[in-house]
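[1] Quick one, fold the following:
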Amino acid sequence: MANKKKIKILPLACILVLLIAAAGGYLIYRSIQKKNALQAAKDSLTIEVNEEMLNAEYGEPFDINSFVKSHTGEMKTEGEVDSKKTGDTEIKVILSTVDSYNQTAEKEFTYTVHVSDTKKPVIVFKETALTITEGDEFDPETNIDSIKDPVDGELKKADTLETGTWTLQSDIDPAVPGEYTVTVKAMDINDNTEEASFTVTVEEQPYLDFEPVMGSADYPYYIRINRALNVVNIYTMDEQGYYSVPYKAMVCSTGDATPLGSYNTTAKYRWLSLYGGVYGQYATRIVGAILFHSVPYFTENPADLEFDEYNKLGTAASMGCVRLCVSDVLWIYENCPVGTTVEFYDDYEYPGPMGKPVPITIDTSDERRGWDPTDPDPDNPWN
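    You can find the predicted model right below:
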């Protein structure tokens, strides 16, 4: 009987062992499958980036996602780039996905963003070349419009160049005629430097061949006419109120009856009938029959110019009046009030401090010859 019981119990134990072994094997198999699934999901996480975007410019907003061209899975980032600080910053991109067993797979990518300042300070001058007269007061800083860093703005002046400042180097001596260079150097807070220069020409004080007279606010200009060389020299007042500053020179035509001496203008005329049945524009009476006026016209028509006479400007060609091109005689008409002093003199050597202008000539075969080329009339075909 005892042997029979053992025979019955043994199969049941074997079955139990087999069941336990099978269950264990299944758990191991499932664990391997889940591990493989998680790894496969992790392997599927890929990213493509633009490496150039990892170089950021100082001061410009940086989007941490901007360098990612494409990726799989969900993406999140860690880290923050402060573009107002140069140097390296580490950022992380974390990709994630869920596998078939609902397990979360993650992969981490680490990148370094380099912030650099490549923009130099900007130096802006009002003029690149200046001219002053011997003896003038001049401060080179008055020609500086701005000195700025593109990101941080205005830089400060300093005696020695250092971060965030600018310096000025100048050896100008306004008392000594010559050409001088003014150099400005600037450095931003990230040690970028820039340098720029402008020139200053100190011209000799013009030679005055007369004793300047005291001026008046009512009469801003003093007119001197060199009969010998047919030049009109116009002066304005200096800081002391004397007519000593050369302002404008004009080429003219005088004549045998042009007087010597000083006079004050008495009247003005838009058009005026002249000796010989011709007409002049923008006439200003100086004394008696002596006037400033344009080169004569056959009629009161700005298109009816005596062009042959026009080509005589710069030589003695009038009856005694002072002939000028329209732009010059109009300037006197508009800017020199009645009562302005006009002085006539002769100097065969020295035309005046501004020299003798070169007169315009007209091609007498040109269809536009009936017009003064300097006339601002809107109908002037030379314009």
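[2] Run through the helices of the protein in chain order.
    2-43, 307-310, 326-335 (DSSP state H).
[3] Could you tell me the least trusted of the ones you listed?
    Mean pLDDT per stretch puts helix 2-43 lowest among these, at a mean of 73.
[4] Per-residue confidence, residue 163, what does it come out as?
    pLDDT, read off for residue 163, is 95.
[5] same check, this time on residue 133
    For residue 133, pLDDT reads 87.
[6] Give the full set of residues in contact with it.
    Contacts for residue 133 (CB atoms under 8 Å, 6 or more residues apart in numbering) come out as 202-206. C-beta: built from backbone N, CA, C; applies to glycine.
[7] And for residue 356?
    Residue 356 touches 229-231, 249, 251, 314, counting by CB under 8 Å, 6+ apart.
[8] Format the residues you listed as CSV; extra columns: pLDDT, neighbour count and distance to residue 77.
    Listed next are the contacts of residue 356 as CSV, based on pLDDT from 0 to 100; neighbours: other CB atoms under 10 Å; distance: CB to CB, whole Å:
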residue, pLDDT, neighbour count, distance to residue 77
229, 98, 20, 83
230, 98, 26, 83
231, 98, 23, 79
249, 98, 19, 73
251, 98, 21, 77
314, 97, 18, 80
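[9] now the closest residue to residue 132 other than its chain neighbours: how far from residue 171?
    Excluding the flanking residues, the one nearest residue 132 by CB to CB, 6 or more residues apart in numbering is residue 138, at 5.2 Å. Note on residue 138: its distance to residue 171, by CB to CB, to the nearest Å, is 13 Å.
[10] okay, the two: which has more neighbours?
    Neighbours per residue (other CB atoms under 10 Å) separate residue 138 from residue 171, with residue 138 holding more: 17 against 9.
[11] Isn't that one up against residue 182?
    No: with contacts counted by CB atoms under 8 Å, residue 138 stays clear of residue 182, the gap being 10.0 Å.
[12] Domains in the protein, by residue range?
    For the chain, automatic domain parsing gives the domain ranges 47-116, 122-203, 222-345.
[13] State the number of residues packed around residue 226.
    23.
[14] no wait, residue 79
    13.
[15] which one of the domains of the chain lies closest to residue 12?
    When the domains of the chain are ranked by distance to residue 12, counting by CB to CB, first place goes to domain 47-116 at 35.3 Å.
[16] any idea of the mean pLDDT in the closest one?
    Mean predicted confidence for domain 47-116 is 91.
[17] go on, stretch 192-209?
    Rounded mean pLDDT across stretch 192-209 is 93.
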